[in-house]
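need a structure here:
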Amino acid sequence: MRSTGRLATSLAGAALLLGGATLPAASHSPSPGEARVLVFSKTAGFRHDSIPDGVAALKELGATDGFTVHATEDAGAFTPANLRRYDAVVFLSTTGDVLDDTQQRAFEDYIRRGGGYVGIHAAADTEYDWPFYGGLAGAYFQSHPAIQPATVDVEDHAHPATSGLPRSWIRTDEWYNYRSNPRDRAHVLASLDESSYTGGTMRGDHPIAWCQDYQGGRAFYTGGGHTKESYADPVFRRHLVGGILYAVGEIQADCRPENGYRPLFAGSSLDGWRQAGPGSFTLDDDGTLTSSGGMGLLWYAASGFSSYSLKLDWKMASASGDDNSGVFVGFPPSDDPWSAVNNGYEIQIDATDVPEKTTGSVYGFRSADLKKRDRALNPPGEWNTYEIRVEGERLRLWLNGVKINDFTNTDPARSLRDGHLGLQNHGTGDQVSFRDVRIKELPVKGS
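So this is what the prediction gives:
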């Protein structure tokens, strides 16, 4: 797929749209760099009466958020030449067998060449005899109870489809049960609280929106969207926009499966954490920590760690990207922030410094792979996800699911084998926000 330019408008714009007039179905030529999206809504089974509302909403969102939308119910659009025109294909409440064998092969090749897929609601009630599609969608529909309100628990607060949602999102829809749980194969963004409604059959672990990297392509699915009202709901529209921006490649996200992590900071309490040195972090109502002043360090004093995967989400406030912060690992317990500088390692957040001191570097020791870093990095104001994996004296770093650094400590005065973790507040004017700090302890390995 061709690369597309950064969208000029923000996700917040989607939240301001409340329906509006349906745009004409005729196609138009996109401006240079504009993403192109094909919306496909053919049905061979049950037909949702909300499909026209969904098509109209997606066209409106494309007009405001910088992507061109073409809508069709003609499976003949699934040819190699035509699919190459699009950065993502949206299956909007499709049902049954909608593509023949030749069209299926064309779509498989499209995904393997880096295409994007978005599945909305009954996209999971589609193509039961096509294993490639079942894997791409993530799970097949099994049943549903009556339309009713339910609580959606947002699990990922960095992905663009869920970054603007409340932690508990109460909405009315037709809530699907699925034949399998996609959690081991896909990255779950949101799940249903089955105690908040009747008819859930997934034994308390009920994913309802997820994403994944799939055979070379990018896939996003949401179980919402049965009702006409969904497509007039500004919050649901924002959810859809975020999924599309991920699928077309405009915003990066870590969509690897994530299991076995426990929270160190989950948005409501700083139990176990201590501030070392000047400055501070403010804890906002949305569960975000934002640095202020410094140079100081908010460090996890409750315990040290020796072999682990640490994940956290972060974003810069400055439009220039000149904010400065970092994540420290492998330092001894101390209320002197310079102890972490002198005895540990900093994974840097600062996109404007020299290579060995910029975002993704092990500060002062090893630069990130800058080409991979630049492709994976989201701009200031948007969330990024770090995974810092420490095993023995080896430290590896993933940015939004892309491995960008691999460093092995050889300094006898330092050790990654046992140490504490901390978030830096660098100085006046440096505002970097963090949320959802979580850890998975790994088996201890030799060097």
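
from now on I want contacts and neighbour counts done on CA atoms only, so please keep to that.
Noted.

buried set for stretch 98-108?
98-99, 103-104, 106-108 (16 or more other Cα atoms under 10 Å).

please apply the same query to stretch 159-175.
Buried residues in stretch 159-175 (16+ other Cα under 10 Å): 159-165, 167-168, 172-175.

ok, now stretch 63-72?
Buried, per 16+ other Cα under 10 Å, within stretch 63-72: 64-71.

what does the pLDDT read for residue 41?
For residue 41, the pLDDT comes out at 98.

ignore the last one, residue 256
According to the model, residue 256 scores 97 on pLDDT.

show me the helices in the stretch 151-300 of the chain, by range?
234-248 (DSSP state H, counting those that start in this stretch).

show me where it has its strands.
Here the stretch 151-300 of the chain has its strands, by DSSP state E, counting those that start in this stretch, at 168-173, 177-178, 187-192, 206-214, 217-222, 262-265, 273-276, 280-283, 289-292, 296-300.

quick one, strands of the stretch 301-447 of the chain?
Going by DSSP E, counting those that start in this stretch, the stretch 301-447 of the chain shows strands at 308-316, 325-331, 345-349, 384-391, 394-399, 402-408, 420-425, 432-441.

residue 240 is nearest to which of the ones you listed?
strand 384-391 (19.1 Å; Cα to Cα).

what pairs with the closest one, parallel or antiparallel?
If you go by DSSP bridges, strand 384-391 pairs up with strand 308-316 (antiparallel), strand 394-399 (antiparallel).

the longest one versus strand 420-425: what angle between them?
Just to be clear, that refers to strand 308-316. Calculated by axes from the mean of the first three to the mean of the last three Cα atoms, to 10 degrees, strand 308-316 forms an angle of 10 degrees with strand 420-425.

pretty sure residue 216 contacts residue 112?
Yes: Residue 216 lies in contact with residue 112 (Cα atoms under 8 Å); the separation is 4.5 Å.

per-residue confidence for residue 34?
pLDDT at residue 34 comes out at 87.

shouldn't it be in contact with residue 69?
No: assessed by Cα under 8 Å, residue 34 is found out of contact with residue 69, at 10.5 Å.

between the strands of the stretch 301-447 of the chain, which one is nearest to residue 57?
So among the strands of the stretch 301-447 of the chain, strand 384-391 is nearest, using Cα to Cα, at 27.7 Å.

got the CA coordinates for the closest one in PDB?
Taking Å, rounded to 0.1, in the frame of the first residue of the first chain, the C-alpha atoms of strand 384-391 are listed here in PDB:
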ATOM      1  CA  ASN A 384       2.400   5.900  21.800                       C
ATOM      2  CA  THR A 385       3.100   2.600  23.500                       C
ATOM      3  CA  TYR A 386       6.500   1.400  24.800                       C
ATOM      4  CA  GLU A 387       7.300  -2.200  25.600                       C
ATOM      5  CA  ILE A 388      10.600  -2.500  27.500                       C
ATOM      6  CA  ARG A 389      11.700  -6.100  27.800                       C
ATOM      7  CA  VAL A 390      14.500  -6.900  30.200                       C
ATOM      8  CA  GLU A 391      16.000 -10.400  30.400                       C
END
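
tally of neighbours for residue 354?
Using other Cα atoms under 10 Å, residue 354 has 12 other residues around it.
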